[in-house]
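Engineer: let's see this in three dimensions:
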Amino acid sequence: MIVYADTSTIGGCEDEEFKEWSLALMEELKTGSHHLMLSDLTLQELENARVSVRDRVQEIPKSNIIGVGISDEVMKLAETYINEGALTNKSYNDALHIALATINVADVLASWNFKHIVNINRIRLYNSINLRLGYHLIEIRTPREILKPKDNEED
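Structural biologist: Numbers count the residues shown, from 1 in each chain. Here you go, the predicted model:
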């Protein structure tokens, strides 16, 4: 599975509330259970993070990383999300993350941003826009929902 991880997913490795699942997802990315879709935008946002957070990306083998960048098409889709009311201009980077994951066909976008990204009403808006413009539906989930089930977990 190709997982587009926004900055909150990586930063979640050092957040008491989220670290159990962010760390587990990072382990799955390290081992190749999933591939990390890593954007220039996420790397840029990580520049402002603590070194220990930035270093998390360095732990993932380059062979398990798919690098993606912002293009005119990405910016246009992000602006459409904003123009159609899914987000406001203040959330432009969030719109870019969603557009990057959509246009580069990530299997899922991982985030802990419940206000702007992992939000059922907004996801419906993103997907209605995506379908109307000929893009695929985007799956947006928390890292906890993406993790592979453990063999010893009860159903």
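Engineer: just for the protein, where's the confidence low?
Structural biologist: 151-155 (pLDDT under 70).
Engineer: neighbours of E27, just the number please.
Structural biologist: 13 (other C-beta atoms under 10 Å). The C-beta positions use only the backbone N, C-alpha and C, and glycine is treated the same way.
Engineer: now swap in Q44 and tell me
Structural biologist: Q44 has 12 neighbours, counted by other C-beta under 10 Å.
Engineer: how close does it sit to G69?
Structural biologist: For Q44, the distance to G69 (C-beta to C-beta, to the nearest Å) stands at 11 Å.
Engineer: what about the strands in this protein?
Structural biologist: 2-5, 35-39, 65-68, 108-110, 140-141 (DSSP state E).
Engineer: and the longest one, how far out from the chain middle?
Structural biologist: Averaged C-alpha coordinates place strand 35-39 at 8 Å from its chain's average position (C-alpha atoms, centre = their mean, to the nearest Å).
Engineer: who touches it?
Structural biologist: 1-5, 29, 57, 60, 64-70, 96-97, 100-101, 104, 106 (C-beta atoms under 8 Å, 6 or more residues apart in numbering).
Engineer: bridged to I2, which residues?
Structural biologist: H35 (DSSP bridges).
Engineer: that one: what's it in contact with?
Structural biologist: Here I2 is in contact with 34-35, 37, 66, 105-108 (C-beta under 8 Å, 6+ apart).
Engineer: out of those residues, which end up buried?
Structural biologist: 34-35, 37, 106, 108 (16 or more other C-beta atoms under 10 Å).
Engineer: now the residues you listed in TSV, with distance to W21?
Structural biologist: Converted to TSV, the buried ones among the contacts of I2 look like this (distance: C-beta to C-beta, whole Å):
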residue	distance to W21
H34	13
H35	18
M37	18
A106	18
V108	14
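Engineer: and the contacts of stretch 60-67?
Structural biologist: Outside stretch 60-67, the residues touching it (C-beta under 8 Å, 6+ apart) are 2, 26, 29-30, 32, 34-40, 57, 104.
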